[in-house]
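Enquirer: Provided below are the primary sequence and the corresponding predicted coordinates.
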There are 4 protein chains.
Amino acid sequence: MNIGFLGLGNMGGPMALNLVKVGHRLHVYDLSAASVAHLVEAGASAASSPAALAQSDVEVIVTMLPAAAHVKAVYLGDDGLLAHVHPSVLLIDSSTIDPQSAREVAAAARQHGNPMLDAPVSGGTGGAAAGTLTFMVGGETTDFTRAQPILAAMGKNIVHCGGSGNGQAAKVANNMLLGISMIGVAEAMSLGVALGVDPKVLAGIINTSSGRCWSSDTYNPFPGVMDNVPAARGYSGGFGSDLMLKDLGLASEAARQIRQPVILGALAQQLYQSFSLQGHGSLDFSAIIDLYRKGD
Amino acid sequence: MNIGFLGLGNMGGPMALNLVKVGHRLHVYDLSAASVAHLVEAGASAASSPAALAQSDVEVIVTMLPAAAHVKAVYLGDDGLLAHVHPSVLLIDSSTIDPQSAREVAAAARQHGNPMLDAPVSGGTGGAAAGTLTFMVGGETTDFTRAQPILAAMGKNIVHCGGSGNGQAAKVANNMLLGISMIGVAEAMSLGVALGVDPKVLAGIINTSSGRCWSSDTYNPFPGVMDNVPAARGYSGGFGSDLMLKDLGLASEAARQIRQPVILGALAQQLYQSFSLQGHGSLDFSAIIDLYRKGD
Amino acid sequence: MNIGFLGLGNMGGPMALNLVKVGHRLHVYDLSAASVAHLVEAGASAASSPAALAQSDVEVIVTMLPAAAHVKAVYLGDDGLLAHVHPSVLLIDSSTIDPQSAREVAAAARQHGNPMLDAPVSGGTGGAAAGTLTFMVGGETTDFTRAQPILAAMGKNIVHCGGSGNGQAAKVANNMLLGISMIGVAEAMSLGVALGVDPKVLAGIINTSSGRCWSSDTYNPFPGVMDNVPAARGYSGGFGSDLMLKDLGLASEAARQIRQPVILGALAQQLYQSFSLQGHGSLDFSAIIDLYRKGD
Amino acid sequence: MNIGFLGLGNMGGPMALNLVKVGHRLHVYDLSAASVAHLVEAGASAASSPAALAQSDVEVIVTMLPAAAHVKAVYLGDDGLLAHVHPSVLLIDSSTIDPQSAREVAAAARQHGNPMLDAPVSGGTGGAAAGTLTFMVGGETTDFTRAQPILAAMGKNIVHCGGSGNGQAAKVANNMLLGISMIGVAEAMSLGVALGVDPKVLAGIINTSSGRCWSSDTYNPFPGVMDNVPAARGYSGGFGSDLMLKDLGLASEAARQIRQPVILGALAQQLYQSFSLQGHGSLDFSAIIDLYRKGD
């Protein structure tokens, strides 16, 4: 299939590579010449601009961009995708943005005759490289069905979350809970250990009790409890605190727009903001446990 | 074995019954004559006072009391257990109290020649009746070994958490995390649904993603997502909000004493306190989701 | 002076009237015919559209609109003020919006040859009617000097806060502190009274101690402490909780954009959001004390 | 008058000196020989123990101790004041402790035939030396009247807050509000300045607007805004963060006992706890603004 791919960063690059690997013909664009060159080496062809990419004979366009402002510019700008794309080309935006913006862009696309899906991912750069991402997809069922084989080349779980924007809504809700849980585990582990319990014993109890969660049993933030997690390597790698901060910001901003309280969510956002202000934004998000331990 | 049992309430009553069922000879005491009568019918004998119970020929005494003040009164009072108990009788306190108080009472017991364990439980009245409680035990290893067969008659998981007070510390840490997680799930589910996602679809995504936790996959607070949970029956039964409030209070008070921050934990405590002030303290603790939904 | 006035709502209406009263010739526009008619009766003339208002011979245009989206539409829209206004007409926006949006619109105005000030107010509808508002003004000093006599017809304190957007920044900072203080007073009064202190005695102590603040000594939320405050009349009138919620939302959103933590500010926002969700958004913002009192 | 004084620390020492200066005969006790020697030089006589002090011919005993545990030990201990003091000697405890403990000790004193007042102070070591403290007094009116001239030698404002424990209740409520306000000012000043407003201009606006409070107009935490405040001297001197932390802990613990929510109060406590954990507990409490500024 002829697929356009726009946005070849840490996530988009390996995702596009996986599409090439299964035999699709990719036409790619990125501001970074090096990123484009890397894909061209692998067999993709390069577009000179988003407009050129849109005017080519692609059947599907996938975008992977940093934030809503970029998505709006790329799709809605005077020289953007919608101004040039052929009708009925399927548009898939895998960027993580707020549901409201996703719905606005999808509505504009629909008006132009293009079906559009929001399809944000979880799984990180590791999952992008391995092709094991989870896609949370919002949009029409027929469009979802059409997108499924393409997404399956990049991910393992492809979940239809309902209408337009619902992929973003599901991701934002899950990641807000993740941020809260991680801080909760950080507090519980720090408290229990400060009260005298051995960290591994405590984690063992929590992981078989009602406190059990992904942040405790799969990604424990307390050093020495698990191998192969960021806590075991100085909180390098993983999912950066600044990315968690961005997602918590999306959640609280989406909540504000629909007048929905998110009390712990807002506090989690502020704690990650403090942590980032102190200069730790590039550490894995489990490093937030440093707020609770002496001599951080 | 001759076992004394003091405190035959909603938890203590069924726990004592399970000891009788496996053939132990129980000598019991409670302020409620009805509770005592119920055990006597089942084959236990009644003590006329804590002192009388202590002076009998029991080898082990188990206590199950509402709060630290009761535990201190029963053990340390002028006419309390320590004033009358024979040396080397094993003392097991299954009340949920703060670790500091547990350590004080255990130290006093030790000085009197009695080994003592703190052994708070999780699993609720259902687990107490079914004999499937989890015991989190703090104290010496030899004492733990001695207690294990007795506790095994009342529970399924018997976990040694380390020295004196560590059973309480582990429980307090786990339950603080549970309170945080439950509110986190309440916020995430309410936000995602308010943004348009179907509750079952959202729960399905969370339960296979990084937001996964016991509060979402086993005890989801959103009505209609699961059967056989309090959310499916108007939040009746289950683990009462006022009990969660008590445990969060123990956590924040224990944290205060050792000067350990518990930021989300303290906020969770205050939210449960507000919920209780509004008159909902007897509802299951998953009912906290009402704070996030219109027309509660 | 010939002055254009756009936005004749609860605040804009009485402000425009005060300009008429001191002898200015007003040319006004509002979507509500009734609001326009009221001003015309008082001596103003009516413009048929924002464009018509912009093309008239006004020397200054004042706008008073509900939110940033309206301000952007009115100024930057295809048929908006900037598309039609004569160069060097002074633009004064008294709407309360986020500093970033204020700066964007002012930059667009400047590029078009028009000086622009952001000049949000405090003092409520009472201050608008009495002409005793406080104006917090952002923009060039020469423009501020030019605007001063006009603003003085509508307000008592006209404060220059620095460059463009700084009027909004100052207002947002002050009102965030106000929201925090009000909840703080609500908690402190409720706690002290629940502990047994008479509310008037407690307020007297606070007002002469380090807890003293406007929310305690001028606008005390506890019923029975002061006359002539919303707490004395069932929390009717005053500054609505939903307006406080809007301002706290502006504060936390402005903070998010510049990556500045506002921990208590974000929590205050969520508490007002909860209060609003429960249906109390139209009560005065001091009614938030109901969160802390039984049987609200 | 013959007055006993027990507890000659940073606060008690200068308070006792002021009593000597106005001509009272003081009989003093402290664990620190140096502190006692300092008072003896000034004309006081030394007691060899609390019991000895109680058995002397004093008409009034004033105590100034670090925490409730000390107060309970000194008054209720086997060799404590109540075991030895002559009936009808007036007991005044100026320690800052929780209202509940104050009421327990006062009830024990009353049973022994001794009137007792709780009379915690505000004003810091500066106020103690200058004799300008504020006393918040709980107890019977006749006892308050009797104590007034004595307290007036050490303070400027002597406020009767109602029955036993109410002095502590009023102090705890005021200081909780102070902690909240200070963090609120820290956030508002940091946000406004980060948004581009000059700190002095911003403080000027807040101090004449609805955000006005003691923490902004008398003790502003932002460096450069005021002279003669801790922010002007690196946050040395003043009211230590660890003392604020203690008072916030008393507030949240008192609230817990009576089941009263204190949401911002509990969060303020945790933020001071974090600040203390990071090693800043000895800085003035206005230094909490460092949580909100880069490169702290």
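Expert: Good, I have the coordinates.

Enquirer: Could you list the low-pLDDT ranges of chain A?
Expert: Within chain A, the ranges that satisfy pLDDT under 70 run A:295-296.

Enquirer: hmm, try it at 50
Expert: Along chain A, segments meeting pLDDT under 50 span A:296.

Enquirer: Would you map the helices across it?
Expert: Taking DSSP state H as the test, the helices found in chain A are A:12-21, A:33-41, A:50-55, A:68-76, A:81-84, A:99-111, A:124-130, A:141-152, A:166-194, A:199-207, A:214-217, A:241-257, A:263-275.

Enquirer: Using TSV, lay out the ones you listed together with distance to residue B:246 and mean neighbour count.
Expert: (Glycine included, C-beta is placed from N, CA and C.) Compiled in TSV, the helices of chain A are given as follows (distance: least, Cβ to Cβ, whole Å; neighbours: other Cβ atoms under 10 Å in any protein chain shown):
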stretch	distance to residue B:246	mean neighbour count
helix A:12-21	49	22
helix A:33-41	56	15
helix A:50-55	59	20
helix A:68-76	44	19
helix A:81-84	57	19
helix A:99-111	38	20
helix A:124-130	39	18
helix A:141-152	47	16
helix A:166-194	16	29
helix A:199-207	19	21
helix A:214-217	23	25
helix A:241-257	30	23
helix A:263-275	20	27
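
Enquirer: Take these and write them to CSV, including distance to chain D.
Expert: Shown next, in CSV, are those (distance: least, Cβ to the nearest Cβ, whole Å):
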stretch, distance to chain D
helix A:12-21, 31
helix A:33-41, 32
helix A:50-55, 34
helix A:68-76, 20
helix A:81-84, 35
helix A:99-111, 24
helix A:124-130, 28
helix A:141-152, 41
helix A:166-194, 10
helix A:199-207, 18
helix A:214-217, 20
helix A:241-257, 15
helix A:263-275, 6
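
Enquirer: Just give the number of residues close to residue A:7.
Expert: 25 (other Cβ atoms under 10 Å in any protein chain shown).

Enquirer: Backbone torsions only: list them for it.
Expert: phi 110, psi 90 (degrees, to the nearest 10).

Enquirer: Relative to chain B, how far out is the nearest residue to it once chain neighbours are set aside?
Expert: Once flanking residues are discounted, residue A:7 sits nearest to residue A:64: 3.9 Å by Cβ to Cβ, 6 or more residues apart in numbering or on different chains. Distance, residue A:64 to chain B, by Cβ to the nearest Cβ, to the nearest Å: 19 Å.

Enquirer: same thing with residue A:54?
Expert: 29 Å.

Enquirer: out of everything not next to it in sequence, what's closest to residue A:144?
Expert: residue A:160 (4.8 Å).

Enquirer: My guess is residue A:177 contacts residue B:207. True?
Expert: No - taking Cβ atoms under 8 Å as the definition, residue A:177 is not a contact partner of residue B:207, at 10.9 Å.

Enquirer: re earlier: let me see the contact set for the residue nearest to residue A:7.
Expert: A:5-9, A:11-12, A:15, A:94-95 (Cβ atoms under 8 Å, 6 or more residues apart in numbering or on different chains).

Enquirer: Any of those residues buried? List them.
Expert: A:5-9, A:11-12, A:15, A:94-95 (16 or more other Cβ atoms under 10 Å in any protein chain shown).

Enquirer: Name the nearest of those residues relative to residue A:247.
Expert: residue A:95 (12.2 Å; Cβ to Cβ).

Enquirer: and chain A, what are its domains?
Expert: A:2-163, A:169-292 (automatic domain parsing).

Enquirer: Using JSON lines, please lay out those domains together with distance to residue C:156.
Expert: Shown next, in JSON lines, are the domains of chain A (distance: least, Cβ to Cβ, whole Å):
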{"stretch": "domain A:2-163", "distance to residue C:156": "40"}
{"stretch": "domain A:169-292", "distance to residue C:156": "33"}
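
Enquirer: Quick check, the residue nearest to residue A:144 in contact with residue A:142.
Expert: No - in this structure, residue A:160 is not within contact of residue A:142 by Cβ under 8 Å, at 11.1 Å.

Enquirer: Not counting sequence-adjacent ones, nearest residue to residue A:219?
Expert: For residue A:219, ignoring the flanking residues on the chain, the nearest one in space by Cβ to Cβ, 6+ apart is residue A:229 at 5.4 Å.

Enquirer: and that neighbour, how many neighbours?
Expert: Other residues close to residue A:229 by other Cβ under 10 Å number 19.

Enquirer: do the one 3 residues further on as well
Expert: The local packing of residue A:232 (other Cβ under 10 Å) involves 13 other residues.

Enquirer: any idea how far residue A:219 is from it?
Expert: Distance of residue A:232 to residue A:219, computed by Cβ to Cβ, to the nearest Å: 11 Å.

Enquirer: List the residues that are in contact with both of the two.
Expert: Common contacts of residue A:232 and residue A:219 (Cβ under 8 Å, 6+ apart): residue A:226.

Enquirer: How about the residues of chain A by chain C?
Expert: Counting by Cβ under 8 Å from any Cβ of the partner chain, chain A comes close to chain C at A:249, A:252-253, A:255-256, A:259-263, A:266-267, A:269-271, A:273-274, A:276-277.

Enquirer: just to revisit the earlier point, overlap in contacts, residue A:177 and residue B:207.
Expert: Joint contacts of residue A:177 and residue B:207 (Cβ under 8 Å, 6+ apart) are residue B:216.

Enquirer: Which residues are in contact with each of residue A:160 and residue A:142?
Expert: Joint contacts of residue A:160 and residue A:142 (Cβ under 8 Å, 6+ apart) do not exist.

Enquirer: Can you give me the distance of residue A:254 to residue A:102?
Expert: 10 Å.

Enquirer: Repeat that for residue A:271.
Expert: 27 Å.

Enquirer: got it, and residue A:267?
Expert: Taking Cβ to Cβ, one finds residue A:267 at 26 Å from residue A:102.

Enquirer: repeat for residue A:202
Expert: 40 Å.

Enquirer: residues contacting the residue of chain A most remote from its centre?
Expert: What lies farthest from the middle of chain A is residue A:196; by Cα atoms, centre = their mean that is 37.7 Å. Taking Cβ under 8 Å, 6+ apart, we find residue A:196 in contact with B:99, B:162-163, B:165-166, B:169.
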